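> show me how the following folds:
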Amino acid sequence: MKYVVLLGDGMADEPLAELNGQTPLQAADTPNMDRLARQGALGMVQTIPAGYPPGSDVANLSAFGYDPAVCYTGRSPLEAASMGVELGPDDIAFRLNLVTLGDRDGEVYMDDFSAGHIGSEQAGQLVEALQQEFGGENFSFHPGVSYRHLMVWHGGRDQLSFTPPHDITGQPVAEFLPKGEGAETLQDLANRAKALLETHEVNRERIASGNKPANAIWLWGHGRAPQMETLRQKFGISGAVISAVDLIKGIGVYAGLDVIEVPGATGYLDTDYLAKGRYALESLKTRDYVYVHVEAPDEASHSGDLPEKIRAIESFDELVVGTVLEGLPALGEFRLMVLPDHPTPISKMTHTGDAVPFILFDSRAKDNPNAFAGSAYHEKAAVDTGFFIEHGYELMNRLITGCS
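Numbers count the residues shown, from 1 in each chain. You can find the predicted model right below:
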């Protein structure tokens, strides 16, 4: 038996007036997911437990089969695992975004949480400059992909609160600066980093070429190293994870999965969807399980780009879901799960903690539709089935056992 999870980050949304009251999932052409919804079990699942932030870290832990209440310590420790950065017991990891801050009406505001989706090569030069200037006994800086990087505070404080930069696009940042024990130390570091980055050659080049400068850092998502069982220990399966995002790869590392690097996978709207589907099939030739994560719908939502979100959903359906469905029968019997991790409503341009629609499909039952089969794959159809799972981490057990 093969087990497959296909996750379109942030696909779920809310009804929109410009779509005549439909959601992007309803408006998008998704024949493959619609067929799975009609032949499998369709329902809604709560991936974000009450009291937890509606982030991809919490939601994807749930989708991987882990109870966030047991193992969640923060986003950045998971990203550190993907990057090969081992955390000591007194280390606190932080997500470090390279961002563009602007000045307007005498206030500093969040112009762009991704610094114009800066490329990894230029970003790496900036992170290297941060390490040379500020790295040492207290702090270390590690380059990641595009605008997403890592800072470790050795012997640092963790009783802190932060606001993700993508939640405050276009807003003044003053009220969203770090709060709690050690906040002044981190803000002083951010101020000194801003002075360094503003005059760096990379940013002079970006400005000259009409691109947004990565003129500041924004720290968030902090935490210590978590304790997690592997999926082999939990379910007795071997597997792999496919994603361009360090967070998802890091969960995979803690889960004991092989991380499959896919050429052309960018974590952005230009990602190679088809390659992800093909690499998923290849990985299953020697493994029981694969988790395929596609970031593009979420990125479109954070940008408020409705046409691009619909295109991303359709590409996910055609090139990831469709490719995997075409190739899976040659590998034998399989069970498949399709879902978003959380909603990212276009109107809000950030995550919410609402339930999301999921599909559970068993190849052996395709001729006998499930009692919870739906009319199509979208939020309303999933609600209409009446199938609701309160604890997101239970989905993985249902996938493995075939119980819907």
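
> let's test this: mean pLDDT of stretch 210-218, rounded?
For stretch 210-218, mean pLDDT is 98.

> what's the offset of it from the middle of its chain?
22 Å (Cα atoms, centre = their mean, to the nearest Å).

> list the buried ones in that stretch?
211-218 (16 or more other Cβ atoms under 10 Å). C-beta: built from backbone N, CA, C; applies to glycine.

> which residues are in contact with that stretch?
96-101, 110-113, 115-116, 118, 122-123, 126, 130, 147, 151, 165, 190, 193-194, 197-198, 202-203, 206-207 (Cβ atoms under 8 Å, 6 or more residues apart in numbering).

> let's see it at 7 Å
By Cβ atoms under 7 Å, 6 or more residues apart in numbering, the surrounding residues in contact with stretch 210-218 are 96-101, 111-112, 115-116, 118, 123, 126, 165, 190, 193-194, 197-198, 203, 206-207.

> next one: stretch 298-316
8-11, 18, 24-25, 27-30, 166, 268-269, 273, 294, 296-297, 344-346, 349-350.

> again with stretch 109-127
So stretch 109-127 is contacted by 97-102, 141, 143, 145-147, 149, 165-166, 168-173, 197, 200, 202, 211-214, 268 (Cβ under 7 Å, 6+ apart).

> swap the cut-off to 8 Å and go again
The contact list for stretch 109-127, computed with Cβ under 8 Å, 6+ apart, reads 96-103, 141-147, 149, 164-166, 168-173, 197, 200, 202-203, 205-206, 211-215, 218, 268, 302.

> just the buried residues out of the residues you listed, in PyMOL syntax.
In PyMOL, this line selects whichever of the contacts of stretch 109-127 come out buried by 16+ other Cβ under 10 Å:
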select buried, resi 96+97+98+99+100+101+102+141+142+143+144+145+146+147+149+164+165+166+168+169+173+197+200+202+203+206+211+212+213+214+215+218+268+302
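
> which of the contacts of stretch 109-127 fall in strands?
96-103, 141-145, 149, 218 (DSSP state E).

> and which of these is nearest residue 244?
residue 145 (6.6 Å; Cβ to Cβ).

> run through the bridge partners of that closest one.
residue 148 (DSSP bridges).

> that one contacts residue 244, correct?
Yes. Look at residue 145 against residue 244 with Cβ atoms under 8 Å: they come within range, at 6.6 Å.

> what is in contact with these two at once?
Shared contacts of residue 145 and residue 244 (Cβ under 8 Å, 6+ apart): 266-267.

> what ranges do the helices span in the stretch 101-250 of the chain?
Along the stretch 101-250 of the chain, counting by DSSP state H, counting those that start in this stretch, helices occupy 120-134, 183-198, 201-208, 231-235, 246-254.

> closest to residue 47 out of those?
helix 246-254 (13.1 Å).

> and the closest one, average pLDDT?
95.

> dump the C-alpha coordinates for that helix into PDB.
Extracted C-alpha coordinates of helix 246-254, given in PDB (Å, rounded to 0.1, in the frame of the first residue of the first chain):
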ATOM      1  CA  ASP A 246      12.400  24.900   4.900                       C
ATOM      2  CA  LEU A 247       9.500  24.700   7.400                       C
ATOM      3  CA  ILE A 248       8.000  21.700   5.700                       C
ATOM      4  CA  LYS A 249      11.300  20.000   5.000                       C
ATOM      5  CA  GLY A 250      12.200  20.500   8.700                       C
ATOM      6  CA  ILE A 251       9.000  18.700   9.800                       C
ATOM      7  CA  GLY A 252      10.000  15.900   7.500                       C
ATOM      8  CA  VAL A 253      13.400  15.700   9.000                       C
ATOM      9  CA  TYR A 254      12.000  15.400  12.500                       C
END
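
> packing partners for that helix?
helix 56-64, helix 76-82, strand 239-242, strand 258-260, strand 289-294 (3 or more Cβ pairs under 8 Å, 6 or more residues apart in numbering; DSSP states H and E).

> worst mean pLDDT among those?
helix 76-82 - the lowest mean pLDDT of these, at a mean of 93.

> and the contacts of it?
57, 86-87, 93-95, 142, 144, 148, 150, 152, 221-226, 246-254, 259.
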